[in-house]
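In: structure for this input, please:
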Amino acid sequence: MTRRLAAALLFPLLCLGNAGAQAPAQEKVLRMFLSTSETGLDPAAASDNATLSLLENLFDPLLRYDYLARPARLRPNTATAMPEVSADGLTYTFRIRPGIHFTPDPAFKGVKREMTAQDYVYSIKRLYNPALKSPWAYMFDGKILGDEVLKKEYDVDKQVAGLQAPDRYTLRIRLKAPDNNFLFYLATPATGVVAREVIEAYPGQAGNHPVGTGPFMVGEWKRSDRIVLLANPYSTAVFHATPSNSAEDRAIAGALEGKRLPRVDRVEVRIAEEFQGRMLGFLNAEYDYLEQIPESMTDMVVRDGQLKPELAARGIVLSRFPVLQTYYMWMNMNDPVVGGYGKDKVALRRAISLSYNNAEDIALLKKGFAIKAESPLPPNVLGYDPNYRSPVPYDPALANALLDRHGYTRRDEDGFRRTPDNKPLTLTMHSEATVGGRLRDELWRKCLNAIGLRVVFKSDKKTEIIKASRLGTVQMFESNWIADFPDGDNFYQLLYGPNAGRANYSRFNLPAYNVRYEQARRLTDGPERQKLYFEMNQLIHAYNPWVPLTHVLSGDLRHPWLKNYKRHPVEFTQWRYLDVDVAQRARSGRASP
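Out: Alright, predicted model coming up:
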């Protein structure tokens, strides 16, 4: 039986319930887009935002974030409660909720397959599989008691002392040392539970056969174009949350508390890489909401900082949201042109950093929907210091003087600088092949040319750039990081030496930084950790593997028929909680049935 046929046979189950035989006419469809193409749908292997958005709807980690609680707070998902934690902070005991089943797949040979604690043991062990090169392995590598047996020679059947399922519904994890962020790891898509039968039924192809226990399952999948998710007929998830006293929170809690999730029958997702296509699609009601108005499209919908009256008259809502996100341009420390720790290479990277005009970026590209990044940490992340200021400001005059002092003095016929040993100097920056990518290219060209540096741009899809970045073949790239969990550790690990080739795309490997990072991650948020973060910031600004750029203030739009929407600071999507007023959408006369 093919995947599509299996989904088609299951679909009538999704339409049963209160509506009876008339349910298909009232089918609730959420229409969405992803800004980049998805990669393989394997929780252990994927790391791009588009794929993670899908994974968190297909697979179930032990814990999830409370939809309404602010600041962000964890709550049980497949566990019956938050774990029992030993007094020494080393042992976590989870009780798994019985009656959770994987969605159907031929690998189960017609049996309705219940998820058990052993499935989590297997799923976590997979992160150690060297063949997967999991970008999430750092969360567990060297931390679980006895996990070295998996690193000597990987065998998923090897017993790990700190990763046990003593019975069908009990999972016990024992660490080598306390880890203040450990529970956050167990709420990431990477720890979503998979079934061994499925992984082994499709060797090396797990990402093409996503079978989970999440609120949705894959119905149709046309790669890099269209994905349809169907409500999982086996779902037993029920909504619980901790609302604030705001009217918005009370309304959402009143509509959802105690109800089965998800609330819609299907989610239709398209890939919309071009900014204009996303905006026009939203305005034509092809998409129910749009998060983060594209920088170049802001003037289409916003006037004097407010939603245009003609759009407000349609019931469209504009809201602003401080995303836990940092934009930065990283440079490959192993690259022969910009890499290295010698004074001339440090001076080159410092000059590049000094050349960048943040104010122009914020005003012209981000249309005021951003603030300057002083460090890797965005506001509202634990460890953020609102008083910290970068010692590397926008100062092209100082950048020019620095390059002159360190030997980049000779010029080509066209006026561009040469290296200290009088060789041609050309920077190569990768960029996304989008309108926004081209606009950023022009700003970088203007800034770098102003200090005598020639730059060429190599455009590609972001997914391809990320692959090349992990291999170390990209010299420079403007990227961004959205928090996996709301703690500073999640950002500072991007520059930790042992993470090179994974999340550390710059391959920065400085012992003084590594030592401080290791010390800081053993501490809870407080003055002692804050001091280490300050010192780490100073090292980043001294060696300049990054140019911290901006933190986004997202301008979000939604149509009036979309119900229960609230942007979450950590999770990628709200799809499981959202509802659609089908009648109101139909009255708009804009969306086809």
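In: chain center to the longest strand belonging to the chain: distance?
Out: Longest strand in the chain by number of residues (criterion: DSSP state E): strand 546-558. Mean-position distance between strand 546-558 and its chain equals 14 Å (Cα atoms, centre = their mean, to the nearest Å).
In: quick one: residues in contact with the next helix or strand after it.
Out: Downstream of strand 546-558, the first helix or strand assigned by DSSP states H and E is strand 562-563. Applying Cβ atoms under 8 Å, 6 or more residues apart in numbering, the contact partners of strand 562-563 are 255, 288-289, 578-581. For every residue, glycine as well, the C-beta is placed using N, CA and C.
In: okay, now the sheet partners of strand 562-563, with direction.
Out: strand 579-580 (antiparallel) (DSSP bridges).
In: which residues are contacting the strand it pairs with?
Out: By Cβ under 8 Å, 6+ apart, strand 579-580 touches 28-30, 255, 263-264, 288, 561-564.
In: I'd like those as CSV, with neighbour count, pLDDT and distance to Val570 appended.
Out: Listed next are these as CSV, based on neighbours: other Cβ atoms under 10 Å; pLDDT from 0 to 100; distance: Cβ to Cβ, whole Å:
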residue, neighbour count, pLDDT, distance to Val570
Lys28, 18, 97, 26
Val29, 17, 98, 26
Leu30, 24, 98, 20
Ala255, 14, 97, 22
Arg263, 21, 98, 21
Val264, 27, 98, 22
Asp288, 24, 98, 21
Trp561, 19, 98, 26
Leu562, 20, 98, 21
Lys563, 18, 98, 22
Asn564, 19, 98, 18
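In: farthest-separated two in those?
Out: Val29 and Ala255 (18.5 Å; Cβ to Cβ).
In: nearest spatial neighbour of Tyr169, chain-adjacent residues omitted?
Out: Spatially, and ignoring its direct neighbours in sequence, Tyr169 is nearest to Ile96 (4.3 Å; Cβ to Cβ, 6 or more residues apart in numbering).
In: gap between the one you found and Thr116?
Out: Distance of Ile96 to Thr116, computed by Cβ to Cβ, to the nearest Å: 7 Å.
In: okay, buried residues for the longest strand of the chain please.
Out: 546-558 (16 or more other Cβ atoms under 10 Å).
In: for stretch 294-307, same thing?
Out: In stretch 294-307, counting by 16+ other Cβ under 10 Å, buried: 294-298, 300-302, 307.
In: farthest-separated two in these?
Out: Applying Cβ to Cβ across the buried residues of stretch 294-307, the maximum distance is between Ser296 and Leu307, 17.7 Å.
In: before we move on, back to that, restricting to C-alpha, output the longest strand of the chain in CSV.
Out: Extracted as CSV, the C-alpha positions of strand 546-558 are listed here (Å, rounded to 0.1, in the frame of the first residue of the first chain):
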residue,chain,number,x,y,z
TRP,A,546,30.6,37.0,13.4
VAL,A,547,29.2,40.3,12.5
PRO,A,548,26.0,40.5,14.7
LEU,A,549,23.4,42.4,12.7
THR,A,550,19.9,42.7,14.0
HIS,A,551,17.1,41.2,16.1
VAL,A,552,13.8,41.1,14.3
LEU,A,553,10.6,42.7,15.5
SER,A,554,8.2,40.6,13.4
GLY,A,555,5.2,42.3,11.8
ASP,A,556,2.6,39.5,11.6
LEU,A,557,-0.7,39.6,9.6
ARG,A,558,-3.7,37.4,10.0
